[in-house]
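Participant: Whatever this is, show me its structure:
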Amino acid sequence: MEAITELSYALDTFYFLISGALVMWMAAGFAMLEAGMVRAKNTAEILTKNIALFAIASIMYMLVGYGIMYPADGNGFIPAIDWGFMFGGDNSVEEVMGSDGETYYSSMADFFFQVVFVATAMSIVSGAVAERMKLWAFLLFAVVMTGFIYPMQGYWKWGGGFLDELGFLDFAGSGLVHLAGASAALAGVLLLGARKGKYGKDGSINAIPGANMPIATLGTFILWLGWFGFNGGSQLVISNIEDANAVAAVFVNTNMSAAGGTIFGLITARLLFGKADLTMALNGALAGLVAITAEPLTPSPLLATMIGAIGGVIVVFAIVTMDKLRVDDPVGAISVHGVVGMWGLMAVPITNSDASFAAQGIGLGTILGWVFVTSFIVWLILKLVMGIRVSEEEEYEGVDIGECGLEAYPEFVGARGAV
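Facilitator: Now for the predicted structure:
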């Protein structure tokens, strides 16, 4: 390579790696958000799930997922799996078409950036099934989700499959990551059932407050920060003026959408409940981030704010509706990542003339259908073979004791068995 090309290669590879590290930091955000939104007696178990699922995602994506998602060949629907990365540790030069022509980065950097996206999708599932699912059933599902279910639908778009040929657009994964994770979560929640005491026989809905709102808020801020790598890194390169400007626009729009989601989520909660509900503000911020992820480049900052604002309104109504349908989701993950993920996909044609509502709808339906059905089958097999729900006694005592043999807050009086 010429000196200028080598410099661009180094810069783009470094940017890719740093973006991946920011996305990896989102794992800490999910862990803190979920730990804050569950009861004290279930904290250690959900933290165990979050660190274990990240490790599982890394291993399974290395073994098989990457080869499925970016295959040697395929017919658009079924990939011809490329096993080279697992056995060869390929660190070749990856070629990508940037705004000013051909640019390059390390294929190892590409793998690292992709693997943290897989873990993000699986992290979404963790919060939705919290407080009553068996740890090892969850981890076995993570093996299938990260090794097979997620990579297949990823291939259909990002690997050059039929959704890509159809013209479906999803810049950083409102559908491929967030809707996919929420679809898998919904399948699990439907088979798992609600937490004891969440819904009364008389139709009442009982609030089950989380144990630590400061930790939940910290988790949201961490996710907000990590999202700049999530969306910004999806531009792939930064070594020329046009792409550098694009990355800057993606950062600004990502931030503005989160801000719009926060404010309008808070206002909606105030209008509905008469109080400034912190949990709705947090979910509003995340809804704004999810909504803009499908297309963070083409909107103006004002439009990005409005896209996030609509997401913030949608998520409040979605959470309320899920409760009315008796779908128990302790952290609101299905509403934030699933319902708002759909909005994000369908909002793309508003600002991107290359997108069509038809193609977006087909992509949305494909992701939802594929992930929900395959996940439901896997969850059902696990339920029949080993069970997916802890006993009523373990649930009352707390899954920290039953699944992990320890408590996150052992010095707090009443943590064990606390409602």
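
Participant: Buried by neighbour count: which residues of stretch 196-207 qualify?
Facilitator: Residues of stretch 196-207 classed as buried by neighbour count (16 or more other CB atoms under 10 Å): Lys198, Tyr199. For every residue, glycine as well, the C-beta is placed using N, CA and C.

Participant: Check which helices and strands the host helix or strand of Ile377 sits against.
Facilitator: Using DSSP states H and E, Ile377 sits within helix 357-385. Contact here means 3 or more CB pairs under 8 Å, 6 or more residues apart in numbering; DSSP states H and E; on that basis helix 357-385 packs against helix 135-144, helix 150-157, helix 162-166, helix 180-192, helix 340-351.

Participant: who touches the helix or strand just after that helix?
Facilitator: Per DSSP H and E, helix 357-385 leads on to helix 392-397 as the next helix or strand towards the C-terminus. Helix 392-397 has contacts (CB atoms under 8 Å, 6 or more residues apart in numbering) with Lys41, Glu131, Arg132, Arg195, Lys196, Ile401, Gly402, Glu403, Arg416, Gly417.

Participant: returning to what we had before: got the angle between the helix holding Ile377 and helix 135-144?
Facilitator: Inter-element angle recorded for helix 357-385 and helix 135-144: 140 degrees (by axes from the mean of the first three to the mean of the last three CA atoms, to 10 degrees).

Participant: average pLDDT for helix 357-385?
Facilitator: Averaged across helix 357-385, the pLDDT comes to 98.

Participant: If you count neighbours, what's buried in it?
Facilitator: Buried, per 16+ other CB under 10 Å, within helix 357-385: 359-360, 362-364, 366-368, 370-372, 374-376, 378-379, 382-383.

Participant: Tabulate the contacts of helix 392-397 (JSON lines), appending distance to Phe54.
Facilitator: Output for the contacts of helix 392-397, formatted as JSON lines (distance: CB to CB, whole Å):
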{"residue": "Lys41", "distance to Phe54": "23"}
{"residue": "Glu131", "distance to Phe54": "20"}
{"residue": "Arg132", "distance to Phe54": "22"}
{"residue": "Arg195", "distance to Phe54": "25"}
{"residue": "Lys196", "distance to Phe54": "29"}
{"residue": "Ile401", "distance to Phe54": "24"}
{"residue": "Gly402", "distance to Phe54": "23"}
{"residue": "Glu403", "distance to Phe54": "18"}
{"residue": "Arg416", "distance to Phe54": "28"}
{"residue": "Gly417", "distance to Phe54": "30"}
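
Participant: Could you tell me which of the residues you listed count as buried?
Facilitator: Buried among the contacts of helix 392-397 (16+ other CB under 10 Å): Lys41, Glu131, Arg132, Arg195, Ile401, Gly402, Glu403, Arg416.

Participant: now the residues you listed in TSV, with pLDDT, secondary structure and distance to Pro79?
Facilitator: Formatted as TSV, those follow (pLDDT from 0 to 100; DSSP: H, G, I helix; E, B strand; the rest coil; distance: CB to CB, whole Å):
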residue	pLDDT	secondary structure	distance to Pro79
Lys41	96	helix	43
Glu131	96	coil	37
Arg132	96	coil	36
Arg195	96	coil	39
Ile401	93	helix	44
Gly402	92	helix	40
Glu403	94	helix	36
Arg416	52	coil	48
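
Participant: Out of these, the closest to Leu223 would be?
Facilitator: Ranked by distance to Leu223 (CB to CB), these are led by Glu131 at 20.6 Å.

Participant: For Tyr199, give me phi and psi.
Facilitator: phi -120, psi 130 (degrees, to the nearest 10).

Participant: ok now do it, which residues does it touch?
Facilitator: So Tyr199 contacts Ile205, Asn206, Arg326, Asp328 (CB under 8 Å, 6+ apart).

Participant: The residue nearest to the first one when sequence neighbours are not counted: which element?
Facilitator: Going back to what we said before, that points to Ile205. Ranked by CB to CB, 6 or more residues apart in numbering and with sequence neighbours excluded, the top spatial neighbour of Ile205 is Asp323, at 5.0 Å. Assessed by DSSP H and E, Asp323 sits inside helix 301-324.

Participant: list the helices and strands that helix packs on?
Facilitator: helix 241-273, helix 278-293, helix 340-351.

Participant: returning to what we had before: pick out the most distant pair among the contacts of Tyr199.
Facilitator: Asn206 and Arg326 (11.6 Å).

Participant: Met122: what's it in contact with?
Facilitator: Contacts of Met122 (CB under 8 Å, 6+ apart): Leu53, Ile56, Ala57, Ala142, Met145, Thr146, Tyr150, Gly181, Ala184.

Participant: change it to 10 Å
Facilitator: Counting by CB atoms under 10 Å, 6 or more residues apart in numbering, Met122 touches 27, 30, 49-50, 53-54, 56-57, 60, 138, 141-143, 145-146, 149-150, 177, 180-181, 184-185.

Participant: pLDDT score for it?
Facilitator: On pLDDT, Met122 comes in at 98.

Participant: cool, Gly98 as well?
Facilitator: 54.

Participant: Same check on the one 5 residues further on?
Facilitator: According to the per-residue confidence, Thr103 scores 63 in pLDDT.

Participant: one step back: now the helices and strands packed on helix 357-385 in JSON lines, with mean neighbour count and mean pLDDT?
Facilitator: Listed next are those as JSON lines, based on neighbours: other CB atoms under 10 Å; pLDDT from 0 to 100:
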{"stretch": "helix 135-144", "mean neighbour count": "20", "mean pLDDT": "98"}
{"stretch": "helix 150-157", "mean neighbour count": "26", "mean pLDDT": "98"}
{"stretch": "helix 162-166", "mean neighbour count": "18", "mean pLDDT": "97"}
{"stretch": "helix 180-192", "mean neighbour count": "25", "mean pLDDT": "98"}
{"stretch": "helix 340-351", "mean neighbour count": "24", "mean pLDDT": "98"}
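
Participant: Please name the spatially closest residue to Gly76 (chain neighbours excluded).
Facilitator: Closest to Gly76 by CB to CB, 6+ apart is Phe162, at 4.0 Å.

Participant: How much space separates the one you found from Glu34?
Facilitator: When distance is defined by CB to CB, to the nearest Å, Phe162 is 35 Å away from Glu34.

Participant: Ala55 too?
Facilitator: In this structure, Ala55 and Glu34 are 17 Å apart, going by CB to CB.

Participant: For those two, indicate the residue with more neighbours.
Facilitator: Glu34 (27 against 12; other CB atoms under 10 Å).

Participant: Beyond the lengthiest helix in the chain, next helix or strand please.
Facilitator: Counting by DSSP state H, the longest helix found in the chain is helix 3-37. Using DSSP H and E, the helix or strand that follows helix 3-37 in sequence is helix 43-60.
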